[in-house]
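>>> Structure for this input, please:
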Amino acid sequence: MFVRAYLRASTSDQDATRARAQLDAFAEERGLTIASAYIENESGTTLARPELFRLLRDCRPGDILLIEQVDRLSRLTEEDWRKLRAEIDAKRVRIVSLDLPTSWSFAAPTDEFTGRVFQAINGMMLDVLAAAARKDYDDRRRRQAQGQARAKAAGLYKGRPEDRARNEAIASMLQAKQTWAQIMAATGCSRTTLQRISKRMKAA
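Numbering: from 1, shown residues only. Coordinates of the predicted model:
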């Protein structure tokens, strides 16, 4: 059994490794060692997360996917969450989340009956917390849109200024056929920004 930590932040200016010390402490308390950590700055609302799927490819049946909170794994729609759950279940990976105490039993040996009971409970709780994480995301987006609408009506909202110098550099690197990984490492931009600039260039 290997413990594989997954750490995610939504944007490139956030620290995806922020929770690493907490995950290390959790594992150490249970006599476990984190074999590898997979870190990325991608939105939890998308399935396009290379490091998460690299983690799943590396997993063997019985391995633990260790996360700080369920929302680090998913802010997905119900349909996409079911796709991700199916991928995880097919690999027979056990999800352990610091904010989900019912999952902690997976980090310790149990008899078959107890393991099956906790697996059933944990699966249900995962679905509930994933749905709650998506609702929180939708609620925040709705409040943000309402605030922007009021600001626009009052003539106060101008939107986020574009970082033109950085985006021109990204466009130049795309034209030079550099990989997205190289561009993100060099500029600190997110995959979403790269997708937007690439789409804009194709349209032009």
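>>> quick one: secondary structure of Ala5?
State at Ala5, reduced to three classes by DSSP: H, G, I helix; E, B strand; the rest coil: strand.
>>> where does the chain have low pLDDT?
Low-confidence segments of the chain (pLDDT under 70): 109-111, 157-160.
>>> Show me what the helix ranked longest in it is packed against.
Counting by DSSP state H, the longest helix found in the chain is helix 112-153. In terms of contacts (3 or more C-beta pairs under 8 Å, 6 or more residues apart in numbering; DSSP states H and E), helix 112-153 is packed against helix 70-73, helix 78-91, strand 94-97. Glycine gets a C-beta too; all of them are placed from N, C-alpha and C.
>>> how about the last one as CSV, C-alpha atoms only?
Same thing as strand 94-97. Provided in CSV are the C-alpha atoms of strand 94-97 (Å, rounded to 0.1, in the frame of the first residue of the first chain):
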residue,chain,number,x,y,z
ARG,A,94,-9.0,4.6,-1.2
ILE,A,95,-9.7,8.3,-0.6
VAL,A,96,-8.6,9.6,2.8
SER,A,97,-9.4,13.2,3.5
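>>> that older thread, could you dump the helices and strands packed on helix 112-153 to a markdown table with mean neighbour count and distance to Ala16?
As requested, the helices and strands packed on helix 112-153 are exported to a markdown table (neighbours: other C-beta atoms under 10 Å; distance: least, C-beta to C-beta, whole Å):
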| stretch | mean neighbour count | distance to Ala16 |
| --- | --- | --- |
| helix 70-73 | 22 | 9 |
| helix 78-91 | 14 | 18 |
| strand 94-97 | 23 | 16 |
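>>> and these as CSV, adding distance to Arg60?
Shown next, in CSV, are these (distance: least, C-beta to C-beta, whole Å):
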stretch, distance to Arg60
helix 70-73, 19
helix 78-91, 8
strand 94-97, 11
